[in-house]
Every structure is written in structure tokens, then in C-alpha cells.
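K.L.:
just a sequence and a predicted model for now, questions to come.
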Amino acid sequence: MANLAAVVGIGQTKYTTKRDDVSIAGLVREAAQNALDDAGIGWDDIDAVILGKAPDMFEGVIMPEIYLTDALGCNGKPMLRVHTAGSVGGSTALVAASHVQSGAFNRVLTVAFEKQSESNAMWALSNPQPFSTHLNAGAGGYFAPIIREYMRRSNAPDDVGIKVAVKDRLHGARNPLAHLQRPDITMEEVKESFMLWDPIRFLESCPSSDGACAMVIANEELAEQSAKPPAWIRGVAMRSEPTMYAGREEVNPQAGKDCAADVYAQAGITDPRRDLDCAEVYVPFSWYEPMWLENLGFAPEGEGWKLTMEGATSLDEGGDIPWNPSGGVLSSNPIGASGMIRFAEAARQVRGDAGDHQVEGARLALGHAYGGGAQFFAMWVVGADKA
Amino acid sequence: MRDIAIVAYHQSRAVADAGACNEVEMIMPVLNEVYGQVGINNAQDVDFVCSGSCDYMQGAAFAFVAGVDALGAVPPIKESHVEMDAAWALYESILKIRMGSAESALIYGFGKSSPGELPIVLSQQLDPYYLAPQWIDTVSLAAMQARLLLEQGVITERDMAAVVSRSRRNARQNPNAQLAGDISVDDVLAEETYLSPLRRVDCCPVSDGAAAMIICTEDKAREWGVPYALIRGIDHRIETHHIGMRDLTDSASTRLAAERAGVGDGPVDVAELYAPFSHQELILARALGLGEQTDINPSGGVLAGNLMMASGLARVGEVFNRIVAGEAQRGVAHATSGPCLQHNLVTVVEKA
């Protein structure tokens, strides 16, 4: 049985297009320092550092933990670098948690980042590989046909994606750290924005952000002594499946379903919509909200879009299960950090520390990340209570 | 802390150029071999899978995604990846077992370094603002380290040559070695310097290949009914990236990791050290406190073949092989990452 562990400190940077006032080291240091301050501890209180980011080819720094050792106060400590595609921010948090849950460490720091202004993600993702078909499409081009297939199967109205785009930006306007600040956004404006990869419009896509997110994860004893309320880690799960195989269900991937079932079982969740108070879910393109509502069991297959259209996932409409109250990936996307932001924002909610985007009375929340061609999944459930 | 059993290990033969063989084709044979060693069918029969690789080896983002294709991950599996040597994937897997969420784990590492110029490629792991733009290659940095050792009188060129001579000699017994043979200390010293004071033979070759291991709880090892060895300690430490701030003639992080892993708690019969350059083996042996009684790099070490991203795991595997063969009771395996031994992992493996 795993030892109890909890998030006792969270730090983020303000997400923005270009942080030209800091280096990569400065960026991660800022998030880490904010997390230490939030936990009320110093660098010497950290036993190990677990770093995550998306492919090294983005910024062109190979194994950046080597360069970031000093910025993250890691001299003489263990340092681990996780890389699991877009789910990496979530996976990194899970690997960090395992350092404490295994009993091997008392208190660790985990950091994930991306400095997209110093990188070229589109190039890195489309680089031809010697033995593979050249997609040359980037992420949006990869997911657009899958979304079209979802629309065909579910008979969802055309404006579901538009609704998600507006909802998440209105959420983001409550979160001062969110990259996009669009309190005035309208359905009409999203609809009129140009088509990038049919059916994904410009305003239905995530932005390209610089940013870092950090968390301090501590064992039971230290978490109980922490100054601010801890977010207890109630369940952790990861799943992977191959990118392509005969019969692969790309709209509703088996790996996502299995991962959710695993994490819910650990947290004692039988009906996620009822049992959870909110969810921070990786939605980089608007239509992934209804698709993941189904994949994660919040709605029956083919009916996820109904929750979206009813306002069930909207904070502003008083929905019963707000999704992405922070504004989500649609409001801020430092790729390698985006998964960890989901995990951290779920923890902020159950700590009652989410400011203007707080879901009132949140006690149990889901953090979710996915990556690659939606074949890698990482999830955790955090709670205000230990069990 | 519960002991972890190593139950299977295999590596591919280190070759200079695997040609048109892709990553999946490199990985699958070693996976099939370790499955066979414990009598399982595929990755579905273990609880967790973790790999180590580096996108820059093959020059494309998400190199590890191809690795998943070698696993038969249908239905989906619990899987993770470190952009580090697979020795750190072993470390992550041990945490997973110790937290109780897995009883067994498959670990693999792979690298196909041949398509690029590895020493130049690795220059891009240096500080991206001040050092990487100068393209300072790994061999040049190692040469600077060797020069410091020589000038401070810590070692002699003859000491370095003796490391090379022993590696080549030991490698004759290692069917996976890329470089093996009889080369005397004087033969080594007679060779021209390459990047002074290093000779080409002081540097590990560039190799393509993969390695895989299966670990589990002791209960599971008994259930599988296969010979196993126990991981009694494992620890890793990193130190400053600023080479000017480090004593390059020593390895403080190895010393610390060795202490935490309990290297000194008993005699060390065998040690496999990830020393890509001859002088680094001498630094490491000293930092680990190894003496005359320890057989160092009986496989020939990475001077005989360096499977980037798998060599660290391979060191653990080599020690495991010696122990289950009854040739040693207790051994130490070391893995490294970064320029001039910046990051080091130490594992203590014992007879069950």
C-alpha cells in the first residue's frame, strides 16, 4: 500500500506569449520559488527534483535537467527528467508523487515548463522521421479528422466547440495567470475566426505560451504540519497504447477509459459527475471537452456535448461539474507544463486556494493530461480529505 | 525498504552502425529475450514498463513513442519514459514497486547514435545561452578533465592506458562487445593522441543497440522460479553544471550516491562503471572506494561498446549476470549522464 502524499505548495508563472525577461533557467526558478514560498519552506527542505517537459527538440536543449541543476537548487540531490509527450506534465507529477508514496523521500519539488517563444514546436513535431510516414500536420492537423468523426457519430450541433472556446476563455478571465484574457469573448467572434484545420477554428485552439508550473509534494507527517491546507493525493494512474493498431478507437481511446477507471477505483469514485466537484482536463482543441466528457465517464457515449451545451461544465452558468475553471489549455499552453498545470489547478481547488475561479466547496478534483496522438494518459484525483 | 529482485537481463550486440534497422527492430529482440528468461509472453505480463531514450539520437521528437510499438500495448499498459539513460528508468520502476502499485516491471533503453555525430550532438546538452552556441563537444570536455588529472599528478598516461588494455582484454569474453582484443599498455601509449591527452582508444566507441531488464518483488521472483539477484541500494545525485565550479578530478556526486546506496557496507566483488573515457574509470573507482579486491568492468565496460541511453542499465545487467552465474556475491553498478560525469547513479546488487 502506498504511503500518503499531498501537495503542500504550488507555484506558477504568469503565462504569456513571450517571457523575454528571463532565461529558461529563470523561468523554472520563478515557478519553483513560488511553490516553495507557497509551502512556506526553503530550498534546503527539498530532497529531490523531478523535471518534466515536452520534446527536447522544442527548445533545442538536450536533457535540460543537466543545465537546470543549478537553477533548481539540485546540487548534490537526485534529479529525474520525465518525458511522456503532451501528458508529460501529469506524468511528471505522478513520478514525483511516487518518490514520496514509496517512502523513499519526505518532500520533493516537481517542475514542468515550456518556453515556446524560444522554440519551434510545429517544426519539432513535423520533422520527418527516417522510417515513418511524414505527417507534416502539427497537432491540430492530427486531431481534426478525429474530431470530425466524433461530430459524425454523435450528431452534435456545430457550435459545441464554439461554446467550449467561449466558456474556457471566460474561466481564464477569472484567472490572472491565464495567458488569454478575454472577458469580452462571444460565440459570434469564435465562429468568425478563421478555420485552421476544419473543424478547428483559430479561437478553438490553444495559444502558444511560455510558462512553468511547480509543486511541492510531501509525506503525511509533513503535510499535516503544512501552513496551508494540503491537497491529498487520492489516486494516480497512467496508461499508454500504441499510436496505431488495427481497430484502434481514436475518438474514445481505450487507454483513457482504463486510466480513468483505475484512478476512480483508487479514489472511491463510482459516478465521476456526482462524486467529483470539478475537473481540470487537457483540452487543447475545443471539441476535446465533449470527447473527454465521454471518455472519462462524465456522460454516456455520444452525449458529452449535451453537458457542454447545458452549461454543466461552466462556472459562469453555475454548472454542477465545472471543467477547467482555470481557463484550461485553451487559455494557456506552455506545452510541457500544461499537464502539470491541470494537476496543480485541481489541487488548488481542493485547497480552497483558487481565487476568483474557485469552485465553491470543492473537496475532490480530477487532474488529467494526455499526449501524443491521444495514446498517453496521466491522471490524478486530489482531495481536501485524506480518504 | 523492500528489496527488489532482478530476474532477467539482455542486451543487443554493440555495433557501430545498425544500418536500416529501426528502433523497434532493435528493441524487440532484447524484449523477447527477457520475456523468455522469466517465461512470460509480453509486456502485458508485467505491471509497469519504463524506458530511457533520447530524441536527439534519432533526430526526431518522440523517439520513445516508437518504442511503445515494440511492446504489444493492446490492451493499454502502465508505461512511462525518462529522457535519460534507462538506469533512471530502473530507478523510477523501483519507486513504483516500492509504493505498492506494481509487483514487476520491464525496463528498456535504446539508442541509435550512428546517424549523427554524437560528440557534437551532445554539445547541445550544455547551457543553451553560454556554452551550447560554442558547440563544445563531449570529447573535448573529457580531454580537459584528463589534462587536469595528469597535471595534478592524480594519474599518469600509463594508468589510462592500463584501463584501455584491460577493457579490450576483458571484452574478448563478452560476445556483445564492439571492440575487443589484445593491446598492451605500451601499444596504447604508442598510439597518436586524438584530442590531447586522449587517444582514440581512451574514448568509448559510438554504438547502436538496446538493453532490457525485468525486476520484481522477491515474492514474484520466487513465483516465476528463476534465478535472481537483489538490489540492496540505489541512489543518484547530480552536481553543478558549471564545470569551473567542480573539482573535475573527483566525482562528488558519485561519492555521495555511493554512500547513500551503501557501497561501503560490504566487500565489492565486481563493479561495472559507466566510464566513456579511460581516465573517468579511475575517477569513479576512487569515488566509489573500490580497491584491489574488486574486478572492475569485467565486460570491458563502455570502452568496448557504448549503447547510449542503455549503457547505464547495461552496467546493472552485467553485475546481475555475474551474480547469478555465481562469479560474484556482491557488486556495484554505476551510470552517468552529462558532461564530465555531472550526474551519477549507483546501484548495489547482491546474491539473493
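P.N.:
Alright, I've got the coordinates.
K.L.:
just the strands from the stretch 151-300 of chain B, written as ranges.
P.N.:
Counting by DSSP state E, counting those that start in this stretch, the stretch 151-300 of chain B has strands at residues B:193-195, B:198-199, B:208-217, B:229-238, B:270-272, B:295-296.
K.L.:
which one, of those strands, ends up nearest to chain A?
P.N.:
strand B:229-238 (4.5 Å; C-beta to the nearest C-beta). Using the backbone N, CA and C atoms, a C-beta is placed for each residue, glycine as well.
K.L.:
next, the angle from the closest one to strand B:208-217.
P.N.:
Going by axes from the mean of the first three to the mean of the last three C-alpha atoms, to 10 degrees, strand B:229-238 is angled at 120 degrees with respect to strand B:208-217.
K.L.:
what sits closest to A:P78 if chain neighbours are left out?
P.N.:
Nearest non-adjacent residue to A:P78, counting by C-beta to C-beta, 6 or more residues apart in numbering or on different chains: A:A48, 4.2 Å away.
K.L.:
can you pull the contacts of the one you found?
P.N.:
A:K77, A:P78, A:M79, A:L80, A:H99, A:F105, A:V108, A:L109 (C-beta atoms under 8 Å, 6 or more residues apart in numbering or on different chains).
K.L.:
A:D70 too?
P.N.:
Here A:D70 is in contact with A:A25, B:T240, B:H241, B:H242 (C-beta under 8 Å, 6+ apart).
K.L.:
which residue is the nearest non-sequential neighbour of the second one?
P.N.:
Once flanking residues are discounted, B:T240 sits nearest to A:N75: 5.1 Å by C-beta to C-beta, 6+ apart.
K.L.:
now do the residue nearest in space to the middle of chain A against A:N252, distance only.
P.N.:
Centroid-nearest residue in chain A, with C-alpha atoms, centre = their mean: A:G339, separated by 2.6 Å. The gap separating A:G339 from A:N252 is 20 Å, by C-beta to C-beta, to the nearest Å.
K.L.:
picking that back up, tell me the SS of the residue nearest to the centre of chain A?
P.N.:
Under the three-state scheme (DSSP: H, G, I helix; E, B strand; the rest coil), A:G339 adopts helix.
K.L.:
number of nearby residues for residue 215?
P.N.:
Here I'm looking at chain A. 30 (other C-beta atoms under 10 Å in any protein chain shown).
K.L.:
that was the other one, I meant chain B.
P.N.:
29.
K.L.:
likewise the one 5 residues further on?
P.N.:
A count of neighbours around B:K220, defined by other C-beta under 10 Å, yields 21.
K.L.:
quick one, grab the pLDDT at the residue nearest to A:P78.
P.N.:
On the pLDDT scale, A:A48 is placed at 98.
K.L.:
repeat for the one 10 residues further on
P.N.:
The pLDDT attached to A:F58 in the predicted structure is 91.
K.L.:
also A:M122?
P.N.:
pLDDT at A:M122 comes out at 74.
K.L.:
do the helix or strand where it lies and chain B meet?
P.N.:
Assigned by DSSP states H and E, A:M122 belongs to helix A:121-126. Yes - using C-beta under 8 Å from any C-beta of the partner chain, a contact is recorded between helix A:121-126 and chain B, made by A:A124, A:L125.
K.L.:
hang on, the earlier thing: so the residue nearest to the centre of chain A sits against A:V95, correct?
P.N.:
No - applying C-beta atoms under 8 Å, one finds A:G339 not in contact with A:V95, separated by 11.9 Å.
K.L.:
where do the contact lists of these two overlap?
P.N.:
A:G52.
K.L.:
can you give me the helices in the chain?
P.N.:
Answering for chain A, as no chain was given. Ranges of helices in chain A, per DSSP state H, are A:24-39, A:65-68, A:88-101, A:121-126, A:138-154, A:160-172, A:187-192, A:220-225, A:254-267, A:272-275, A:288-295, A:304-310, A:328-331, A:335-350.
K.L.:
was after chain B, sorry
P.N.:
Going by DSSP H, chain B shows helices at B:23-38, B:55-58, B:63-68, B:86-98, B:118-121, B:138-151, B:157-171, B:185-190, B:218-224, B:252-261, B:278-287, B:311-324.
K.L.:
for A:E220, which of the ones you listed is the nearest?
P.N.:
helix B:86-98 (16.0 Å; C-beta to C-beta).
K.L.:
so what secondary structure elements neighbour the helix holding A:M122?
P.N.:
helix A:138-154 (3 or more C-beta pairs under 8 Å, 6 or more residues apart in numbering or on different chains; DSSP states H and E).
K.L.:
need the mean per-residue confidence for the helix it packs on.
P.N.:
93.
K.L.:
what about B:E25, neighbour count?
P.N.:
Neighbour number of B:E25 under other C-beta under 10 Å is 13.
K.L.:
distance of it from chain A?
P.N.:
9 Å (C-beta to the nearest C-beta, to the nearest Å).
K.L.:
hmm, B:V268 and B:Q293 touching each other?
P.N.:
Yes - judged on C-beta under 8 Å, B:Q293 makes contact with B:V268 at a distance of 7.3 Å.
K.L.:
comparing these two, which shows the higher neighbour count?
P.N.:
Looking at B:Q293 and B:V268 with other C-beta under 10 Å, you find the greater number of neighbours at B:V268, namely 24 against 8.
K.L.:
as CSV, the strands of the stretch 151-300 of chain B with mean pLDDT and distance to chain A would be great.
P.N.:
Listed next are the strands of the stretch 151-300 of chain B as CSV, based on pLDDT from 0 to 100; distance: least, C-beta to the nearest C-beta, whole Å:
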stretch, mean pLDDT, distance to chain A
strand B:193-195, 97, 21
strand B:198-199, 98, 22
strand B:208-217, 98, 13
strand B:229-238, 98, 4
strand B:270-272, 98, 21
strand B:295-296, 98, 25
